[in-house]
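>>> I would like to see how this sequence folds:
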Amino acid sequence: MKNKWITQLERVLVLGAVVLMLSVIGLNARSTLQSQQKTVLQINSKAYNLQSEISPNGEVVVKIDDIKNYPRLELLVNGVVYKMFGNEKEIVVEVQNGDLLQVNGSMYNEEIRIVMSKKTNNITFPSRQVQVVTQSNIKVLSTIRTQ
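Next up, the predicted model:
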């Protein structure tokens, strides 16, 4: 009688141990699979910002928000003349992290409204549209921050 009881107890304990081991193996496999899926999703989410993967540079569009043209108005990058507006209303500027954008309107006595209207996705600062008014002076548009 004792042998039968011990044999049944051994079977229950062995069966319990096998079920416990299979449960641990199953949970471990599930956890590994989920972490692999998260890694794949994180890698794929970077694909939306292709500009930062290709180049640390970005582009911004600076435009005159006025009906008139100001041909001698200058756009400065890091204190150096990048381009004069001429007969154009907007300039596309390639920028890098830390670049300082300024507008030189010192040759005009009237107020000129300048807007930095568009930017590539990898530029984190400024985060929204920047607008300055220059009148016979040099105004800072923004310092650029990229990802």
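>>> only C-alpha atoms for contact and neighbour calcs from this point on.
Will do.
>>> dig out what residue 116 forms beta bridges with.
With DSSP bridges as the criterion, residue 116 is bridged to residue 62, residue 130.
>>> report the separation between it and residue 61.
6 Å (C-alpha to C-alpha, to the nearest Å).
>>> okay, now the domains of this structure?
2-48, 52-146 (automatic domain parsing).
>>> please work out which of these is packed deepest.
Looking across the domains of the chain with neighbours counted as mean count of other C-alpha atoms under 10 Å, the highest average goes to domain 52-146: a mean of 17.
>>> what's the spacing between that domain and its chain's center?
20 Å (C-alpha atoms, centre = their mean, to the nearest Å).
>>> average model confidence for that domain?
Domain 52-146 shows a mean pLDDT of 87.
>>> in this structure, which spans are strands?
Using DSSP state E, the strands of the chain run over residues 58-64, 74-77, 80-84, 90-95, 100-104, 112-119, 123-125, 130-134, 138-143, 145-146.
>>> now those as TSV including distance to residue 20?
Output for the strands of the chain, formatted as TSV (distance: least, C-alpha to C-alpha, whole Å):
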stretch	distance to residue 20
strand 58-64	56
strand 74-77	67
strand 80-84	70
strand 90-95	60
strand 100-104	63
strand 112-119	57
strand 123-125	51
strand 130-134	62
strand 138-143	60
strand 145-146	51
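>>> to residue 9, which of the ones you listed lies closest?
Proximity to residue 9 (C-alpha to C-alpha) singles out strand 123-125 among the strands of the chain, at 66.4 Å.
>>> thank you, goodbye.
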